[in-house]
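Student: here you go, sequence then predicted model.
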There are 2 protein chains.
Amino acid sequence: MGFSKKQLFNSTQNQVANYTKVLGHPARVAMIQHISEHKNCNCNELVKSTGLSQPTISQHLVEIRKIGLLKQKVKGKNLFYTIDSDQLNECRRVVNDFFVKTQVNCSK
Amino acid sequence: MGFSKKQLFNSTQNQVANYTKVLGHPARVAMIQHISEHKNCNCNELVKSTGLSQPTISQHLVEIRKIGLLKQKVKGKNLFYTIDSDQLNECRRVVNDFFVKTQVNCSK
DNA sequence: TTGTGATATTGCAATATCACAATGATAAAA
DNA sequence: TTTTATCATTGTGATATTGCAATATCACAA
């Protein structure tokens, strides 16, 4: 069929999947790293640092934005991105929670 | 183009992406949870607990196996699955490392 | 040897993802 | 005003993923 049967799974499972899905592409991992390392970097900088085209970067930014990890500030014709630290933490908490609970179950 | 330009990214970035990609589907999250909660569960049990078909479960198991999270024991005509606790830990370490480093960069 | 049950594999349709060219929108600079 | 720079959006082609029916395989039981 090609679509994912999300309704079969609970909200926590879907949340873990939603967050990790965004990290499931090296370009997005690299982009998040780059933004966190270079405060207020713009789109062009990401294009240069990754070697991907501007539309591709823009698309990946949409995905990262979907899970709330991206903050942006307009300055003239520039858009400066930063990582939303709180949401990154929330994301980390959800994913880590999954790992911890699974690990605990394993060692029972 | 449709293919992922993995060669543009470093091995850590690819590793984070590889691991999280597997978790990027609620069925696999649910399956990993179920296996960890029910020691030595078999394929049929996963079919029942998820509501997906046997071939679909089998395919997802292939993906989970790819990142080394699955151990299996043959008992007659049954195959009993468990989660490889060490690899789960490694996986957690890699992903958490990414989160921690990013978080640290954010608060500089 | 002939089922039977458990799992894997194959083949296919539907959909999603990835990447980019072309185009659009906007704001500063010339 | 025209040009230029930056970024978003749209459209499209290529590839990957998801899900399942059908079939294959394999181990045991009768």
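Tutor: Received the coordinates, thanks.
Student: for the helix or strand hosting residue A:103, packing partners?
Tutor: Residue A:103 is part of helix A:85-106 when elements are defined by DSSP states H and E. In terms of contacts (3 or more Cβ pairs under 8 Å, 6 or more residues apart in numbering or on different chains; DSSP states H and E), helix A:85-106 is packed against helix A:11-23, helix B:26-37, strand B:78-83, helix B:85-106. Heads up, the C-betas are built off the backbone N, CA and C, glycines and all.
Student: most tightly packed of the ones you listed?
Tutor: Neighbour counts (mean count of other Cβ atoms under 10 Å in any protein chain shown) averaged over each of the helices and strands packed on helix A:85-106 peak at helix B:26-37, with a mean of 23.
Student: averaged pLDDT, that one. What do you get?
Tutor: Along helix B:26-37, the predicted local confidence has a mean pLDDT of 98.
Student: tell me how far that helix is from the chain's mean position?
Tutor: The gap between the average C-alpha position of helix B:26-37 and the chain average comes to 9 Å, counting by Cα atoms, centre = their mean, to the nearest Å.
Student: can you name the next helix or strand after that helix?
Tutor: Taking DSSP H and E as the definition, the helix or strand that follows helix B:26-37 towards the C-terminus is helix B:43-50.
Student: ok and the helix-or-strand element of chain A with minimal mean pLDDT relative to helix A:26-37, angle-wise?
Tutor: When the helices and strands of chain A are compared on mean pLDDT, DSSP states H and E, strand A:70-75 comes out lowest with a mean of 91. Angle, strand A:70-75 to helix A:26-37, by axes from the mean of the first three to the mean of the last three Cα atoms, to 10 degrees: 60 degrees.
Student: just want the most central residue of chain A.
Tutor: Against the mean C-alpha coordinate of chain A, by Cα atoms, centre = their mean, the closest residue is residue A:64 at 4.1 Å.
Student: flag every residue of chain A that's near DNA strand C.
Tutor: Taking Cβ under 7 Å from any atom of the strand as the contact definition, chain A meets DNA strand C at A:1-4, A:21, A:24-25, A:27, A:52-56, A:59-60, A:63, A:76-77.
Student: among these, name the buried ones.
Tutor: Burial by neighbour count, judged by 16 or more other Cβ atoms under 10 Å in any protein chain shown, picks out A:21, A:24-25, A:27, A:52, A:56, A:60, A:63 from the residues of chain A next to DNA strand C.
Student: can you name the residue of chain A nearest DNA strand C?
Tutor: Closest to DNA strand C within chain A is residue A:2: 1.7 Å, counting by Cβ to the nearest atom of the strand.
Student: surely that residue is in a helix?
Tutor: No: remark: residue A:2 does not belong to a helix; assigned using DSSP: H, G, I helix; E, B strand; the rest coil, it is coil.
Student: now it: phi and psi?
Tutor: Phi and psi for residue A:2, reported as degrees, to the nearest 10, are phi 100, psi -10.
Student: that one and residue A:16, how far apart?
Tutor: Separation of residue A:2 from residue A:16 (Cβ to Cβ, to the nearest Å): 22 Å.
Student: which bits of chain A sit near DNA strand D?
Tutor: Along chain A, the residues adjacent to DNA strand D under the rule Cβ under 7 Å from any atom of the strand are A:1-5, A:42-44, A:54-55, A:57-59, A:61-62, A:72, A:77-80.
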